[in-house]
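Chemist: sequence-free structure coming up:
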């Protein structure tokens, strides 16, 4: 009898549906080497325009590749080259927890559309955590350092090391850097000629270090990106 009960429970457990996945947004533009991996199951697929992105998806872009996501709240994520990230949750109402983005490495620009009294989005990288209400900002994240710039609005930035309590509110046209296990640097004004192409100013090398980009490396993708309407 005991064996039958165990067998019955095993069958029922196998028949239970997997935890529901939340649709976060959809792919609206894609170029080059981009794939999505299921965090729960490990399966991988190459997305197409119009495909939905859920909180079970880890997005990866290769060299000279990008993907643009339109989130369910109207916000845009422009995922640049050599990036790995995933999203969890989507804040649609004041009572909802914030949208969360985990960036393992890479470059992205985020334009928030909804503004709440409480925090709208929390972004984490290997070295930094950023809290946002509603703004337009860019991030370059490596294993040892994160750089963040604000194009419009403001972003609160701190170290991912919770023992370091120092934080800054980064305002429009300001950039901040956060190295591993160190507090953020004081925000500095970004020159206008760098600000307009800030994400092209930095690169991430094969060791996941942030470096200033060599202008001679410009190619086809750069031409496409310059035509993008943010």
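Modeler: Okay, I see it. For clarity, every value in this text was computed on a predicted model and none was experimentally measured.
Chemist: and residue 175, what does it touch?
Modeler: Listed by C-beta atoms under 8 Å, 6 or more residues apart in numbering, the contact partners of residue 175 are 147, 148, 149, 150, 187, 188, 189, 190, 198. (C-beta placed from N, C-alpha, C; glycine too.)
Chemist: now residue 112
Modeler: The contact partners of residue 112, by C-beta under 8 Å, 6+ apart, come to 75, 120, 121, 132, 133, 134, 135, 136, 153.
Chemist: now residue 120
Modeler: 91, 98, 99, 112, 114, 132, 133, 134.
Chemist: How about residue 25: which residues does it bridge to?
Modeler: As for beta bridges, residue 25 partners with residue 53, residue 71 under DSSP bridges.
Chemist: who's in contact with it?
Modeler: Contacts here follow C-beta under 8 Å, 6+ apart; on that basis residue 25 touches 52, 53, 69, 70, 71, 72, 75, 77, 87, 90.
Chemist: do you know how far it is from residue 194?
Modeler: When distances are taken as C-beta to C-beta, to the nearest Å, residue 25 and residue 194 turn out to be 29 Å apart.
Chemist: Check residue 135 too.
Modeler: Spatial separation of residue 135 from residue 194 under the definition C-beta to C-beta is 19 Å.
Chemist: For those two, indicate the residue with more neighbours.
Modeler: When neighbours are counted by other C-beta atoms under 10 Å, residue 135 comes out ahead of the other of residue 135 and residue 194, with 21 against 14.
Chemist: and the spatially closest residue to that one that is not a sequence neighbour, how many neighbours?
Modeler: Excluding the flanking residues, the one nearest residue 135 by C-beta to C-beta, 6 or more residues apart in numbering is residue 153, at 2.8 Å. As a burial measure, residue 153 scores 17 neighbours (other C-beta under 10 Å).
Chemist: same check, this time on residue 101
Modeler: Residues contacting residue 101 under the criterion other C-beta under 10 Å number 22.
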